[in-house]
Each structure stands twice: as structure tokens, then as C-alpha cells.
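*Asks:* Requesting a structural model of the entry that follows:
(chains A, B and C)
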Amino acid sequence: MRSRSAWTVFWRTVLGRAYPRIIGAQREKSWVFFEIFLPLLQVTAYVYIYRAIEAPPEFIGFVVLGGAMSAYWLNVLWSMASQLYWEKETGNLELYIVAPTSRMAILLGMALGGMFATTLRAIAVITIGMLLFHVSMTVQNVPVLLGVFVTTLVALYGLGMLLSSLFLLFGREAWHLSNLLQEPVSLVSGFYFPVRALGQVVAAAASILPITLGLDAMRQLLFPAMLGDLRFLSPEVELGILAGLAVLFLILARRALGYFEALARREGRLSIRGQ
Amino acid sequence: MSDSYAIHTEDLRRVFRAKRREAKKQKREIVALDGVSFSVGRGELFGVLGPNGAGKTTTIKILATLLSPTSGRAWVAGVDVAADPKGVRRHIGMVSGGETSGYGLLTIEENLWMFSQFYGMDTRAAKARIKELLAVVGLSDRSRTKIYHLSTGMRQKMNFVRGFLTDPEILFLDEPTLGLDVQTARTLRAFVSNWLAERRDRTILLTTHAMHEADELCGRVAIIDKGRILACDAPAVLKRGLQSEAIFRLRIADLADAHTAVAGRVDVSRFAQTAHDEHIEVDLILTSDGALPDVLASLQSAGGRLLSLEKREPTLEDVFLHVVGHGFEDAQREGGGA
Amino acid sequence: MRADESRGEALRSLRVAAWLGWQIESNWADPFVFAIYSLVKPLAGALILVFMYAVIAKGGLQSPLFPGVFVGNALFIYVPAVLAGISWTIIDDREHYGMLKYVYTAPVNMLTYLVGRGVAKTMVATIAVVMMLLLGTLGLGVPIRLGDIDWPLVLGSLVLGSAMLAFFGILLGGVTLVTARHNYGVGEAVAGGLYLLCGVVFPLDTLPTWLSSIGRAIPITYWIEAWRRALLGQRTALFSGLSDGALVGIIAGSTAVLAVLAVLVFRLAERRARAKGLLDMQTMY
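*Replies:* Reported below is the predicted structural model:
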């Protein structure tokens, strides 16, 4: 095989691994019902909770935005982090390891491939929210908003890559960890209400999760009437922290993937199946 | 380590340790490889032959950088597998028997293209090569079939194509014809032979427990059992080593076990028996042809009735029997794992 | 097949599947870690609601809505547990372990097999529900008093609810037989939808009429109401005119209808899966 530049291999790998996600979603469309329509109903439930308890109207907007962004968190958790567990179980992981390509490229391909369905879900939630529940969003600062959104995703996917490194070593333990993380993260990250409501200490601790600061910043930028005592940090500060988290998680992910792969090779766990 | 070798191992050891809670009813430590050393020259088709659980797959996994050795060293294309696994991967490909890899909703062509991208292949070149290789294995008309509709044989053919698609310098074939019908297995073996004949600088390491496959394809064969290499040479040389011995196959009725009749006899070098419905098949390696009448007399005294007698040229199975000290089926029964 | 042979096969399938389900659910960790995991997950989900009330509702946890909502939320833990436990079995056996085809070629009663596989998750959910109710009673002021609990109604809700959720799971299992494995569990996704429609965390009449009508056709709505009556002695306004007997009758009747529908859907799905060769398909992407 001709020697090819690492960059070429990287991007071809990303495209190659994204392809099954994109095509798979076209060939079997039941995901539209299970991964977009039904989650939409769940977000709607929280809207009605707020209506039932007569929450201020901007809380409806908070929960709609939280529901939209939770799609990305779930994509990271299930379509990327725990995906290596499934790849191990089906025998694909061995072939990925033997190939002269970057694990991060494979994970990035998975994430980008799933981005279509995820973004569709996020758009559906926001659109329904705005149309049905009369949520009104006022974009205060487009560059900062875009910066926050993109940086949040980069940091989130970096975290996902870091988590996925655990799957190289652990099998079902790591899968159960993903399962376990779902609800606690929803709670402390402020998917359904501003994280500041949980107190400064919890909000600060939860800020290690990129989605926490991302959501808080986006809420402040989209709902300028957001009550002062529910804001955590200013959007610009949160953007700065997110950028730092993005760099940190990507570096850690690269190191962790190498470390855990070597450990899994030593312990003979790369090929264990049927867990 | 000399760069003239495609593969070189020195005293490879691999020990698997069970977790405490899993080890209550089984051994805590399993020694899968116990000091394996061999070298494979460039352009060779080298076989590793042994029963289930002998250490064949463990050897390949170490060389393919899926597993680290517990001790010892190995080099593939001159690169240390433990120190620089990424460096090794640029030179290798792997095909395993019974693989279930791939994505069910994708077609054969799409799956193969996807894997080609992990090696950075240009799409046009990849598609041309896929088309060429699918034609060789007889899957051209199924290139647009989704994976989950494929039979076992077709899936393995696809796996074969995947392994050869990137034209690797060194290819590991781990029991590649496992579970395949005779015709398909023959097609794939012919494919392997032709590929190597056309590319003199390519190397293949093949593990198998099918003696005839090793005999047919391999320039040299290493016989492995219980994690150790017991013999390593060309099949013809290994068989010639038994030429001085007299090898017979007997079919005997009315006798359940020939062991008591032949065990302990000095004129019997090696002995193995296989039970069938109404007779047993006994493979004997005698010190000379002249020992045969006495051995037959022993078997008849024990109540056996000779149905047929055949003097054979030594096969690799006989070599295995001679080297290991028990039959291949006996080793299969004891082995079990990979 | 004779009736007693059929019954024997059904019981054997249930028993073996329950054992297998437990092995799969619990063998990945030591008991302590498993206990932590089994509790933290549902509790964290339920605490979202507690914080919403504590932080935002007028009156906080003293809001008159809170006890009913808390009890509904706690009992709803069963719903994703059972639905996912049963429907995920199809995916797990088909795509992960490659065993579904062997189960189908064995003399197994598939319906009781699926129910059996869901038993482990149900047992774990029971512990979580009890812990939630304890937390609510002891820590959050939910007025559940042992002496005031309507135990016959509890027993009836438990028995009927188990059957109802099991049949729901079977219906979803049928759907899973003929769909691909996507990233999220079908059981959890459907439970998310039911969360909206069954009056679990807000009065059903808060929804637009057309949506609340859908909710009124779902047995889970009445099941949640039964638990509220049994534990709190509360009746929601929408069902205030229904006696306990009528409520239980509705649950029983709708469960019977659901049972017929679930078995029908499952058998149709099986037929389609056999016709299209889907019993051993692999669809992960």
C-alpha cells in the first residue's frame, strides 16, 4: 500500500465511518419515530410540568432549549462513547485497531454521521417549541451564540472520545456507566432548569460537563429576560471556559485512547466478546 | 533483528490471568504461548498448524498488535509489535475465519469501501479494486446485497476481499476457511496462492487446523501444541522425516479400544485411534514394516477382527502424531479454546 | 400440543429467561456497585422533578400538586424498566449475542421468554421505587402513612400493572422484531412519550383535549391514578367521579384489550420477520 499522508488517512477515515451512519439512517427510517417524535413528547411533558406549576414563561423556553441540546449529549453518549463496546461485540473493533488510522478519526466519523439525525431532533424540538408553545427567542449576539454552540459541541465530542477510551478496556461496565450518566447529567447540567438553581457549588462542579456552560450561555443569549439570579457566569466567560474544556478534552482523549488501548492489549481485552 | 525477515519472534510468552471472582472454578492462569520463536522470510506463505487451543490465534493477535506478549519480542516488517504497534499497522492486514464484522444495512461494496478509507485509499482506486476482487471470489453479482442477507460463505468471501483490498505487505489469515464448504474453501485457497504468486514481495502467515490446507499452501509449517512450537520446516521435509518409519492405518471391528493391545510395545513408535460406529480406526507408526505381523497378532488376541489394512505415505497428521505424541483429534478434545 | 405440555413449556421458558435476564443484568459488577447503579439511575431521574418543584413551583414542595406528582413519578420508574427490559431483549439477543435464532428454533414459549427476560429489570425497578417512596415520605414530606395505605388496591395495582406493562413490553417487542437497532432504546423512547400522555407529572387535563383523550385510552393513566389513591388517598380531579372498583375494572379491561392487541401485533411481527429473514439480521450502524 502506498504511503499516504496521515491527514489523508484521517479525513478518509472520518468520511468512511460517517457513511454507515448516514446511509443506515436512510435505509431504515423507524428512528424518525423513536428518536425524534417520541423524545419530542418527553420534552413536551416538561413544558406541561412548568405550566402546571405556573412557572415564569421563560422556563418553557429553557426546557425547550435543554431538550434540543440534550439530543447532542445523548448522541455523544450512545452514538460515540459506548459505540466502541458494540464495535467490539460485532468484531469491528479488531479491524479498526489493526488499520493504520486514528481512533479519534473513527470516533469523529461516528459523531458526524449521527449529526444529521441529532440535528434534526434538535431542530424539531426548537421548532415545535416555538410554534406550539409560543416560545420566543431573541438572538442577542450571533457571533457569541454561534461560538458557544460550536465550542460546546467540540468540547462535548471531546468528552465523548475520552469516555469512549474506557470502552477499549471495559465492556459492559463502561456501557452501564454510560447508562448511569444519562439522568444525573440531565439533572446537574441544567437541561430542564438553569443550573444556577442548584447553587453555585453544584453549578461550578457541573461545569466540567461542557453542556452545562453551553446551555447556560445559550439561554442567556436567547432569553435576555432571564432572571438575574438564575444566570451562572457571563456568556463570554462561559465561552472562554468551553474553549479551554474543548482543548483539554481533546488532548486527554488522545492520550486516554492510546493508554487504554495499550492496557487493553496487555490484558487481552480488545477481542473479548459476548459480555 | 534482521530486516530480511517479514516476521520474527523471540521466545514469545502470553499468559492470561482470570479475575479472582471468575477463577473460583477454573485455573487462575492460562499459558497460551510458552516461548514461541520463529521467523518468516519475505515472500513466504508460512503456516502455523495445531489443534484448537494450541495458541495459533494468540500468536496472530500478538503479531497483528491486538494483544501484547507477556514476555518475549516480535517484529513485523522490522517493527517491534509492542514498542510501535502503529508502525506495524501500516504493513499488515488480517482476515479471520467466522468473522461477523461489517454493518448489516450496508452492501458488500459499501462495507469494503468503508474499510478501504481507513487505509486512506483513493475512492476510485478502491472501487476498481473492489470490483476486481469481487469478480475473483465470484461475488460480482452480489456487490449491492446488504450484509445481513449474506450466507456464511459469502460473508467470508467478502472478508477475504477486505483483507486483500489494501494489498498489504504482510497478511495474517487466521483459520480463513473455517466453516466453509469445500468448493468455497478451495476457491479461497486458489485465490491466496495466485495472489502470492503474482506478488513475490508479499508474505502470508496462515493459521489452520486443517492439515491438508497447510500441506497444499504453505512453504513451511510450524506445528504448535499447548503454546509451544514442536516442529518447523517445509511439509515435505517434515514428512520425509517419517519416511524411515512404517505408517499404517487399520480398520478393526469387535474391539472397542486397541490401547491395551499396542501400548508399551517397543516396535510401536506412535499410536492413535478413532472410534466409528462399528469399528475403530487405528493409525500406527511402527519402527519397521517387519513389526506389523506381531502387532496384528496382538490386536487379534485382544478380540479384534481386521477389516482393512493400508500402508500410507506420511501426512502432516502423522507428523503431528509423531511430534506431539497423540492424535490430532485427541488434541482437539483437550484444547477447546483458541 | 397438549395443554399441560404447553403450560410446562411456558413456565420453563419463563423460569430460564428470568434466570438468564438476571445473569445478564447483574454479572458485570460486584453486588455493591450493582446496587449503587440500580438506585442512582432512577433516583437521579426522579430528582429532576423534585428540583423543578423546589426551585420553581409556588409553594415549592408544599405545592398541593407535589405529592400526587411525586408518587406518579416514582411508580413510573416501572414503565421504562419493563418496556425496555422486554423490548431490548429482542435487540440484545438478535444483534449482540446472536442467540435469537436459537431461541426461536428451541421449544420455547416466546411470550413468556420475553416476560422472563424483563423480570430482572422489574425487580431492580421495584427497589428503586421503594427507595423513592421512602425518600419522599421521610425527606420530602410526601404524606404516605402506612396505616392509611389501601393495601388491597396496592396489591391489585401491582398485579394488574405487572400484567399490563408486560403486555405493553410484548407489543413493543413485536415492533422491535421488524425494526433496526438504532441508537436509543425503543422502550425508553416510548416511555418518554407515555410520560407526557399518562398524567404522570401533571394533571392530565392540563393537556389540550385531543391529547388528554389519547391519555385516557392508555391503561397506564388509570394505573398511576390507582397508586395515588392507594398511597395518598388522593383522587385527581379528572377521575374524581370514578370509584375504586370502576378504576380497577378499567385497568383490568384495558389490560385485557392490550393483551389481545399485544399478542396480535407480536405474532404478526413474527410472521413478517420470518418471511423477510429478519430473525438474525444485524443492523447496527
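
*Asks:* how close does the residue positioned nearest the centre of chain B get to residue B:183?
*Replies:* Centre of chain B computed as the mean C-alpha position; nearest residue by Cα atoms, centre = their mean is residue B:208, 1.4 Å away. Separation of residue B:208 from residue B:183 (Cβ to Cβ, to the nearest Å) stands at 18 Å. C-beta: built from backbone N, CA, C; applies to glycine.

*Asks:* Repeat that for residue B:71.
*Replies:* Distance of residue B:71 to residue B:183, computed by Cβ to Cβ: 43 Å.

*Asks:* Tell me which of those two has more neighbours.
*Replies:* Per other Cβ atoms under 10 Å in any protein chain shown, whichever of residue B:71 and residue B:183 has more neighbours is residue B:71, with 13 against 10.

*Asks:* give the contact list for the more buried one.
*Replies:* B:11-13 (Cβ atoms under 8 Å, 6 or more residues apart in numbering or on different chains).

*Asks:* cool, residue C:234 as well?
*Replies:* Listed by Cβ under 8 Å, 6+ apart, the contact partners of residue C:234 are C:67-68, C:228.

*Asks:* Which of the contacts of residue B:71 sits closest to residue A:148?
*Replies:* Nearest to residue A:148 among these is residue B:12, at 52.8 Å by Cβ to Cβ.

*Asks:* so which strand or helix has the nearest residue to that closest one once chain neighbours are set aside?
*Replies:* Leaving out its chain neighbours, the residue that sits closest to residue B:12 by Cβ to Cβ, 6 or more residues apart in numbering or on different chains is residue B:72, at 3.9 Å. Assigned by DSSP states H and E, residue B:72 belongs to strand B:71-76.

*Asks:* Spell out the secondary structure type for residue A:140.
*Replies:* Under DSSP: H, G, I helix; E, B strand; the rest coil, residue A:140 falls in the coil class.

*Asks:* cool, and residue C:192?
*Replies:* Applying three-state DSSP to residue C:192 yields a three-state assignment of helix.

*Asks:* pLDDT score assigned to it?
*Replies:* Per-residue pLDDT puts residue C:192 at 88.

*Asks:* tell me, how many neighbours does it end up with?
*Replies:* By the criterion of other Cβ under 10 Å, residue C:192 has 22 neighbours.

*Asks:* With adjacent residues omitted, what lies nearest to the closest residue to chain B within the stretch 151-285 of chain C?
*Replies:* Nearest to chain B, among the residues of the stretch 151-285 of chain C, is residue C:282, at 3.7 Å (Cβ to the nearest Cβ). With sequence-adjacent residues excluded and distances taken as Cβ to Cβ, 6+ apart, residue C:282 is closest to residue B:104, at 3.7 Å.

*Asks:* Tell me who's in contact with the residue nearest to residue B:12.
*Replies:* So residue B:72 contacts B:9-13, B:33, B:35-37 (Cβ under 8 Å, 6+ apart).

*Asks:* Let's see that with 7 Å instead.
*Replies:* By Cβ atoms under 7 Å, 6 or more residues apart in numbering or on different chains, the residues touching residue B:72 are B:9-13.

*Asks:* distance of it from chain A?
*Replies:* Per Cβ to the nearest Cβ, to the nearest Å, residue B:72 is found 14 Å from chain A.

*Asks:* in which helix or strand would I find residue B:173?
*Replies:* In this structure, residue B:173 sits in strand B:170-174 according to DSSP H and E.

*Asks:* and the residue nearest to residue B:18 when sequence neighbours are not counted, how many neighbours?
*Replies:* Leaving aside its chain neighbours, residue B:18 sits nearest to residue B:28 (5.5 Å; criterion: Cβ to Cβ, 6+ apart). For residue B:28, the count of nearby residues is 12 (other Cβ under 10 Å).

*Asks:* Give me the pLDDT for residue B:28.
*Replies:* Note for residue B:28: predicted pLDDT of 77.

*Asks:* do residue A:243 as well
*Replies:* Predicted confidence (pLDDT) for residue A:243: 97.

*Asks:* so how far is the host helix or strand of it from its chain's centroid?
*Replies:* Assigned by DSSP H and E, residue A:243 belongs to helix A:235-267. Helix A:235-267 has its C-alpha centroid displaced from the chain centroid by 14 Å (Cα atoms, centre = their mean, to the nearest Å).

*Asks:* swap in stretch B:57-76?
*Replies:* Mean C-alpha position of stretch B:57-76 versus that of the full chain (Cα atoms, centre = their mean) differs by 16 Å.

*Asks:* Stretch B:260-268 too?
*Replies:* 31 Å.

*Asks:* need the residues of the stretch 1-150 of chain A near chain C, please.
*Replies:* Within the stretch 1-150 of chain A, the residues that sit near chain C (Cβ under 7 Å from any Cβ of the partner chain) are A:20-21, A:24, A:28, A:30-31, A:34-35, A:38-39, A:41-42, A:44-45, A:48-49, A:51-55, A:59, A:74, A:78-79, A:86, A:89-90, A:114.

*Asks:* out of these, who's near chain B?
*Replies:* When contact is defined as Cβ under 7 Å from any Cβ, those meet chain B at A:20, A:24, A:28, A:90.

*Asks:* Model confidence for the last one, exactly?
*Replies:* Note for residue A:90: predicted pLDDT of 83.

*Asks:* And for the closest residue to chain A within the stretch 51-200 of chain B, the neighbour number?
*Replies:* Nearest residue of the stretch 51-200 of chain B to chain A (Cβ to the nearest Cβ) works out as residue B:117 at 2.8 Å. Other residues lying near residue B:117 total 26 when counted by other Cβ under 10 Å.
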